[in-house]
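Visitor: pasting the structure only:
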C-alpha cells in the first residue's frame, strides 16, 4: 500500500513525531462543528520548514494526501482528512521567530496562537489585532482568511499578512511577499495563499503586520426598536468618518441570552456594542458624536465608558456569545452560519433570516460584525433529532443563497471547508473553474487537502 | 498571416474602432518612460465586455497577442506590444456604472480616470482615495497595483478593489469578489488580478471602495538636518497611532527644485510634508502632537494650516515634483526608480543611494512615500548621451538589489513592466516559477501581454 510505504518513510524522518495511535487520529478527526468524525491515517508533528519539505516529498512520492492542522478551531471542518492521508499538526512549530518593533511586524511559525503572540508582544506596546474569538493558530487564521470583531478597523488576515513561506505539494519551499509595506512586483502570491485552506501548500512561516496598543479606548452599548435603525446608525457613523475599533450587533434573542449568561442587564431588543480607539480626547469625542447619531436614529441613550474593567466585561460577554446562546437550550448543538452582504442590505438580510427562523421548528439567535455586513445565526439543534438537523441545513442554505442574491458571499470569515463547497459554483461561476485551474497548476496530483475548496472531479 | 486574419475578423466586429493607422499605432507604441517605441499591429477600441470577449476569441483563434491600454501613464512600459498584436485601448469604456453611496462603493469601466471618478463623486460626499499623481485610468491602476501619497492611510489598489470582471485569453468572462466587504469563499482571485499587468486577462469592470470626504484636513511641512531624523519622526508618529492622511519626504535637492519651480520657499534640507484628516478638533490635535515629535527629533518648527488654499498649494507642489525636478536640468529625461523597504531601513537605503549618486556622473533628487518605505530617485540624463543612460541603469540596478538586501521590493508601486523583469528571479526565487505556472494555467498560449511579468521561455 502506498500509504503504508509513506508512513514507513515518514517514521524514518520524524520518529515518535509521527503517530498512528487511534486516540491521536481521533483528536484530529473531529471538528468543532457538526461534521462526522473522519480518521486520518496518521498525524505528523514537524518542527521545521525542512521537515515539512521532507513530509511533502515523501507524501508526493507515495501520492498520500497532506492536511494542515492548527488549533483545531475551524467551524467548517477544514482539517478533516476526507481522502485519508497525513494530518500535519503545526503545534510544535509555535515559535515567534522575530519581533521587529521599529517596523511593527513579526515573523512567526504557523502554530503560534493569536493569544500567545499578543502575550509575547505586550511589553513592546504592540499587538496583533485580528480576533476571530477562538484562540486559533495564526497559520489556521491565515489559511481561512479569518477576521472577527476588529475587521471594521484593521481588515482581515488578507490585509495583515505581509508574506509567508509555504511548502508545495512537490516539496519545494517558496516565500511570498516581503517586509516592505507594499509591492507592485508581480502576482500577489501572499493573497493567493491566504484563504487557500491548505489546498495549495503547507504554510511554515508568516510575517504579520502589528499595531500600536491605543493610548485610550472607550466602549459602550445601546439598543434600538428595529434592526434597521441599528444598521443605519452604523452606516452614518462610517460615512461621517468616525473611526470605530469594533462595532457589533446582537438581535433581541441574543441580548436575552447574554443577560441570562453574563448577568449584565440588556433590554430584549437589537443592540450595538461599539469601541473607539485613540487619544483620551478623541475616544471621548468619538463616543459623544456616536451618541448623537444613536439618538437621531431613535436608539436608547448610549452608555459608554473609558474604564478598562467595564470595557473588558462588555467584550467578554460578546466573546462568550456562542456559549451564552448554546446555554439557552441545554443539550443543543450549534450550527453556525456566516453570510456577509453589502451593509445597505444587512437589515434586510437579518430581517428575512429572522422571518425564516420564526417560521421554522428551531431557534437561531443572531449576532455579527455590522461594520462588515457579516452576521452569524447560531442555529440550535438537538443532534439526535435528524429533522432538526435537516431544518438547520435548510435554513443555512436559504441564508447562503440570500447572501448571493444581495451581492454578498456565502462565508464572511469561516471559510469553505466542508460546509460551503456546495455554494462555490453559485457564488463564483466560471471563477470557480479558474480556482480549479490554479489548484492543478500548483498541485497537479491533488495531494494538498483534497476534497476541499476547488471543483471536485 | 495569422495576424492579418485576426485583424480582418476584428474589423468585422469593431468597424472603425479597429485601426492600423501609423499615427494611432505610434501613440500606443511609446511610453512615458525611456523605452524605445514598439508599434503594435493594430489598436482596438471596444465599448463593452461582450466586445472584449469577441476580441479575445478572435485573437485566441489566430494566436495574436492582446495588450491592454489605459491612459498611457505607465512608467515601466506595461502597454508596449513587444510581441506585436493588438493593443486594446479602454478609453471608450469610460462609464461610471453605479455609485452606491450607502455602501460606499462604485462600479466603473476600466477606462474611467481617477480624476473623472472623483469629479463625479463630489456631490455624494465620497471620494476614491488612491492617488498615484498621474491622472491614470482605474483599470491601469488596478493592473499595476498603483498606490501613491495616500497609501499610508488607505492602502494600495490591492486594498481598494472589491471585485472585478475580466475576459480571459480564451474569451471567457469571469467575475471575482463580491460587494461584501470581506469573504472567506475560496482563492482571492481579485488580488491575483490586481497587479497582474494584463498578463492573465483584460479587466472590463471594477468595483471599488470609496471613502467619506473628511470633515477637516490639516497639512504642514518641516525640515530636518538629516534624513534619519525625518524617518524616525514618521516611525514614532505611526507607533503613537496618530493617523496620517499623507506623509511624504523630499531630499535637499528636491527641496531646492521645488523652491525654484513653485516659488514656495523651502530650506535646502530634507523635508516632511504631512496631512491629517478628521474632525476640526482632531486634525488640530494631530498636528500639535506631530509638532512635538518633530521638535523631539530636532526638526524645524512644524508649520501647519487647516486652510484649504495653503493645503492645495502644498500638494500641488508635491504632485509637480517630477516636473520640478525635470526642470532643474533643461533638456534632460528622467529615469525614475521605485524601491520600497521596511521603514527601519529607509534612512539607510536613502543615504546609501545618495552616496552612490554623488559618486556618479549624474544627478538624482529623491522624494517618496515615507510612511510606506517607498521612494523614487528622479535620475536626470541626457538621452543623447549613452554613457549617462548606462550610468542611470547602473544606479537603478544598485538600488533594486539594495532593496532586496534590506528585505524590500524592486518596485513599490510602478510595477514590473519592461524595467523590472530582470529582478523578479532575485526577489521571488521559486515563487517566480509559480507565477509562471499560474500564467500558463490561465493563458496557456501566452497571448495576454506576452513578454511581461512571468519567466520568459
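Guide: Received it, and whenever you're ready, just let me know what you need. Everything numeric here is computed off the predicted structure, so don't read it as measured data.

Visitor: Give me the domain ranges for chain A.
Guide: Per the record, chain A has its domains at A:2-91, A:96-212, A:216-322, A:329-419, by automatic domain parsing.

Visitor: so of those, which one's packed in deepest?
Guide: The highest mean neighbour count among those, using mean count of other CB atoms under 10 Å in any protein chain shown, belongs to domain A:96-212: a mean of 23. Using the backbone N, CA and C atoms, a C-beta is placed for each residue, glycine as well.

Visitor: any idea of the mean pLDDT in that one?
Guide: Averaged over domain A:96-212, pLDDT sits at 97.

Visitor: hmm, it in reach of chain B?
Guide: Yes - contact of domain A:96-212 with chain B (CB under 8 Å from any CB of the partner chain) involves A:100, A:102-105, A:125, A:144-147, A:151, A:155-156, A:158-159, A:168, A:172-176, A:178-189, A:191-192, A:194-196, A:211-212.

Visitor: ok now that domain, how far from the chain's centre?
Guide: 13 Å (CA atoms, centre = their mean, to the nearest Å).

Visitor: about what we covered before: which one of the domains of chain A lies closest to residue B:80?
Guide: Among these, domain A:96-212 comes nearest to residue B:80, with 17.0 Å by CB to CB.

Visitor: Could I get the full set of helices for the stretch 351-457 of chain A?
Guide: Taking DSSP state H, counting those that start in this stretch, the helices of the stretch 351-457 of chain A run over residues A:386-405, A:424-428, A:430-442.

Visitor: ok, and what's touching the longest one?
Guide: Contacts to helix A:386-405, defined as CB atoms under 8 Å, 6 or more residues apart in numbering or on different chains, come from residues A:34, A:335, A:337, A:339-341, A:349, A:352-353, A:356-357, A:360-362, A:364, A:377, A:379, A:381-383, A:409-410, A:419-420, A:422-423, A:426-427, B:180.

Visitor: Pick out the residue nearest the middle of chain A.
Guide: With distances taken as CA atoms, centre = their mean, the residue of chain A nearest its centroid is residue A:146 (3.2 Å).

Visitor: and it, how far is that from residue A:113?
Guide: 12 Å (CB to CB, to the nearest Å).

Visitor: which neighbours do those two share?
Guide: In contact with both residue A:146 and residue A:113: residue A:136, using CB under 8 Å, 6+ apart.

Visitor: Columns distance to residue B:17 on top of the domains of chain A, output as a markdown table?
Guide: Putting the domains of chain A into a markdown table (distance: least, CB to CB, whole Å) gives the following:
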| stretch | distance to residue B:17 |
| --- | --- |
| domain A:2-91 | 48 |
| domain A:96-212 | 31 |
| domain A:216-322 | 40 |
| domain A:329-419 | 32 |
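
Visitor: Run the chain-centre distance for stretch A:261-271.
Guide: Distance, stretch centre to chain centre, for stretch A:261-271: 25 Å (CA atoms, centre = their mean).

Visitor: Show residues contacting the helix or strand of chain A with the lowest mean pLDDT.
Guide: Using mean pLDDT, DSSP states H and E, the weakest-scoring helix or strand in chain A turns out to be helix A:308-319, at a mean of 89. Residues outside helix A:308-319 that contact it (CB under 8 Å, 6+ apart) are A:133, A:149, A:217-221, A:246, A:248, A:258, A:261-262, A:264, A:273, A:275, A:305, A:324, A:367.

Visitor: same thing but at 10 Å, please
Guide: Contact with helix A:308-319 is made by A:131, A:133-134, A:148-149, A:217-221, A:246, A:248, A:250, A:254, A:258-259, A:261-264, A:266, A:273-275, A:303-305, A:307, A:324, A:367, as judged by CB atoms under 10 Å, 6 or more residues apart in numbering or on different chains.

Visitor: Select from the residues you listed every entry located in helices.
Guide: A:254, A:258, A:259, A:261, A:262, A:324 (DSSP state H).

Visitor: So the fourth one sits against residue A:320, correct?
Guide: Going back to what we said before, that points to residue A:261. Yes - look at residue A:261 against residue A:320 with CB atoms under 10 Å: they come within range, at 6.6 Å.

Visitor: what do the two both touch?
Guide: Common neighbours of residue A:261 and residue A:320 (CB under 10 Å, 6+ apart) are A:326, A:327.

Visitor: ok but residue A:106 is inside a strand, no?
Guide: Yes - assigned with DSSP: H, G, I helix; E, B strand; the rest coil, residue A:106 falls within a strand.

Visitor: Secondary structure class of the closest residue in space to it that isn't next to it in sequence, three-state.
Guide: On the basis of CB to CB, 6 or more residues apart in numbering or on different chains, the spatially nearest residue to residue A:106 that is not a chain neighbour turns out to be residue A:99, at 4.9 Å. Of the three states, residue A:99 takes strand under three-state DSSP.

Visitor: For residue A:99, list the residues it contacts.
Guide: With CB under 10 Å, 6+ apart, residue A:99 has these contacts: A:105, A:106, A:107, A:108, A:117, A:120, A:121, A:123, A:124, A:126, A:210.

Visitor: Would you tell me what helix or strand residue A:110 is located in?
Guide: Assigned by DSSP states H and E, residue A:110 falls within no helix or strand.

Visitor: got the contact list for the residue nearest to the centre of chain A?
Guide: Contact analysis of residue A:146 by CB under 10 Å, 6+ apart lists A:73-74, A:114, A:130-134, A:136, A:138, A:140, A:156-158, A:160, A:194-195, A:413-415, B:184.

Visitor: so which of the domains of chain A gets nearest residue B:79?
Guide: Closest to residue B:79 of the domains of chain A is domain A:96-212 (CB to CB; 15.2 Å).

Visitor: how long is the closest one end to end?
Guide: 18 Å (CA to CA, to the nearest Å).

Visitor: Leaving out chain neighbours, which residue sits closest to the residue of the stretch 1-150 of chain A found nearest chain B?
Guide: Proximity of the stretch 1-150 of chain A to chain B (CB to the nearest CB) peaks at residue A:102, 4.0 Å away. Spatially, and ignoring its direct neighbours in sequence, residue A:102 is nearest to residue B:344 (4.0 Å; CB to CB, 6+ apart).

Visitor: Next up, the contacts around that neighbour.
Guide: Neighbour list for residue B:344: A:100-105, A:179, B:231-232, B:235, B:373, B:406-407 [criterion: CB under 10 Å, 6+ apart].

Visitor: Could I get those in TSV, plus columns for distance to residue B:38?
Guide: Supplementary listing: the contacts of residue B:344 in TSV, determined by distance: CB to CB, whole Å:
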residue	distance to residue B:38
A:100	43
A:101	47
A:102	44
A:103	40
A:104	42
A:105	40
A:179	35
B:231	39
B:232	45
B:235	43
B:373	33
B:406	33
B:407	34
